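K.L.:
structure, please.
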Amino acid sequence: MKAILTVILLVTSNIFMTFAWYGHLKLQEMKISTGWPLILVILLSWGMAFFEYCAQVPANRIGFNGNGGPFNIMQLKVIQEVISLTVFTVIVTVMFKGQALQWNHLAAFLCLVAAVFFVFLK
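P.N.:
Numbering: from 1, shown residues only. Next up, the predicted model:
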C-alpha cells in the first residue's frame, strides 16, 4: 500500500511541478500574462510549487525504506524521474499543440524505463 501511495503522491507532485515550471508559458501564449513582470510570474510559480512539495515530501517519507517504505533513495529518485517525464510529456502534448512526440523522445523514455529496471536489480 505504501508503494501505491508513494506513486500517487509523486504523480500529484509532478503535475503541480509541471504547471509551476511551464504553466506560465501557456499563460503567456494565451496572452494572459504577457505584461506581467518576471517577479509576479516567479511568485505564481512558487505558489504552485508549494503544492508540489506538499506531495513530494510525504511521498519520499512514506516510500523510503528507512521509514518502513518499500524503496531505497536511488529507487525513489529514478521512479520520480520517470513519473516526472511521463507527466511532463502528457501535459505538454495536451497544452502545447506545436510540441509533437518524435521517435527520439520515445527512445529516451524507453531508456528511462530501462533505468527503473536496472535500479531495482539486486
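K.L.:
mind checking the pLDDT average for stretch 12-30?
P.N.:
For stretch 12-30, mean pLDDT is 92.
K.L.:
could you do stretch 98-109 as well?
P.N.:
Stretch 98-109 comes out with an average pLDDT of 83.
K.L.:
centre of the chain versus it, how much separation?
P.N.:
17 Å (CA atoms, centre = their mean, to the nearest Å).
K.L.:
just the pLDDT for F118.
P.N.:
F118 is assigned 87 on the pLDDT scale.
K.L.:
what sits against it?
P.N.:
For F118, the contact set (CB atoms under 8 Å, 6 or more residues apart in numbering) is empty. C-betas here are computed from N, CA, C, even on glycine.
K.L.:
what distance do you get for it to G98?
P.N.:
Separation of F118 from G98 (CB to CB, to the nearest Å) stands at 34 Å.
K.L.:
then V90?
P.N.:
Distance from V90 to G98, by CB to CB: 16 Å.
K.L.:
looking at these two, which is more packed in?
P.N.:
Remark: of V90 and G98, V90 carries more neighbours, 12 against 6, as counted by other CB atoms under 10 Å.
K.L.:
element containing the more buried one?
P.N.:
Per DSSP states H and E, V90 falls inside helix 73-95.
K.L.:
let's verify the spatially most distant residue from the centre of the chain: helix, strand, or coil?
P.N.:
Largest separation from the mean C-alpha position in the chain: G35, at 27.7 Å (CA atoms, centre = their mean). For G35, the secondary structure call by DSSP: H, G, I helix; E, B strand; the rest coil comes out as coil.
K.L.:
going forward, begin numbering at 44 instead of 1
P.N.:
In the new numbering, first residue 44, that becomes G78.
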